[in-house]
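In: this one's sequence-less:
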């Protein structure tokens, strides 16, 4: 099936401390695994409707990506009650990021993502802000937004599961991701654009539950190393299942 969509134009076994130091109590934050997706049928998906963002006027999404092919693909998606998604985050074949809610896009410039290199993506939405600044996309701690058409008042009601590395096939095609993903997190009703420096942490993932910010609603660390269940380390207890032999890798952002 063609992976097309209607748009226009590490160190291994790294162990770091919180904020470049030790966590309270001396427990280090360890990031040892990521997950790799083949662009064919692999994905991480929930088994029930993901309702954490329903009616929200704000949201934040954070993830580390290492695409290995310049192929248009879904980083994450939640289906709504109609024929589109509540939100969709896309890696485009021209190597830019798109954040879509309904039919409105926020995007970065062509070539803003480098293949075969870890990049941190932070997507923020606040419908209360002025037109043109409601959506923001940060790449490696820097505002990379070149256009923002978000004009809604609240996020739509979800009609399906949370997907990582694909979207629901009922929408026409899965548009699966090719490459590695790590440390995916969602904050419900929180816009953390002013905290991008803390979340990027100079290029090293940190403990999102212990960095003096709001704890994530859902946080997928992909630290299991084996099996098919990905635990939610956030507050929502919405676990994911790895489909079709997703592989764990020791190539992680650092």
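Out: Received the coordinates, thanks. Here the structure is a predicted model, which is why all the values come from computation and not from measurement. Residues are numbered from 1 along each chain as shown.
In: looking at this, residue 200 is in a helix?
Out: Yes: under DSSP: H, G, I helix; E, B strand; the rest coil, residue 200 sits within a helix.
In: touching, residue 96 and residue 105? I think so.
Out: No: applying Cβ atoms under 8 Å as the test, residue 96 and residue 105 come out as separate, 10.7 Å apart. Backbone N, C-alpha and C define where each C-beta goes, glycine included.
In: more neighbours: those two, which one.
Out: With neighbours defined as other Cβ atoms under 10 Å, residue 96 and residue 105 compare such that residue 96 has more, 21 against 18.
In: how much space separates the more buried one from residue 150?
Out: Taking Cβ to Cβ, to the nearest Å as the measure, residue 96 falls 17 Å from residue 150.
In: right, and residue 249 touches residue 222 too?
Out: No: the criterion here is Cβ under 8 Å, and residue 249 misses it with residue 222 at 9.2 Å.
In: list the residues that contact both of these two?
Out: Common neighbours of residue 249 and residue 222, using Cβ atoms under 8 Å, 6 or more residues apart in numbering, are 33, 34, 35.
In: export the residues you listed to a markdown table and append columns for distance to residue 211 and secondary structure.
Out: Putting the shared contacts of residue 249 and residue 222 into a markdown table (distance: Cβ to Cβ, whole Å; DSSP: H, G, I helix; E, B strand; the rest coil) gives the following:
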| residue | distance to residue 211 | secondary structure |
| --- | --- | --- |
| 33 | 20 | coil |
| 34 | 20 | strand |
| 35 | 23 | strand |
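In: ok, of those residues, which come out buried?
Out: For the shared contacts of residue 249 and residue 222, a burial check counting by 16 or more other Cβ atoms under 10 Å picks out 33, 34, 35.
In: mind putting the residues you listed into CSV with pLDDT?
Out: Output for these, formatted as CSV (pLDDT from 0 to 100):
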residue, pLDDT
33, 98
34, 98
35, 98
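In: now residue 215, nearest residue through space, not along the chain?
Out: Distance criterion Cβ to Cβ, 6 or more residues apart in numbering; nearest residue to residue 215, sequence neighbours excluded, is residue 209 at 4.9 Å.
In: for the one you found, which three-state class applies?
Out: Once three-state DSSP is applied, residue 209 turns out coil.
In: let me see the ranges of the strands in the stretch 1-150 of the chain.
Out: With DSSP state E, counting those that start in this stretch as the criterion, the stretch 1-150 of the chain has strands at 11-12, 14-16, 29-31, 34-38, 43-45, 58-67, 73-80, 85-91, 97-101, 104-108, 119-126, 135-139, 142-143, 145-148.
In: would you check that residue 199 makes contact with residue 187?
Out: No: in this structure residue 199 lies outside contact range of residue 187 using Cβ under 8 Å: 9.9 Å.
In: ends of stretch 196-208, how far apart?
Out: Using Cα to Cα, to the nearest Å, the end-to-end distance of stretch 196-208 comes to 12 Å.
In: who's in contact with that stretch?
Out: Residues contacting stretch 196-208 (Cβ under 8 Å, 6+ apart): 14, 16, 18-20, 23, 29, 31, 62, 64, 118, 120, 122, 138, 140-141, 143, 182-183, 185, 192, 211-213, 215-216, 219, 233-234, 252-254.
In: now, of those, which are buried?
Out: Those of the contacts of stretch 196-208 that meet the buried threshold are 14, 16, 18-19, 23, 29, 31, 62, 64, 118, 120, 122, 138, 140-141, 182-183, 185, 192, 211, 213, 215-216, 219, 233-234, 252-253, by 16+ other Cβ under 10 Å.
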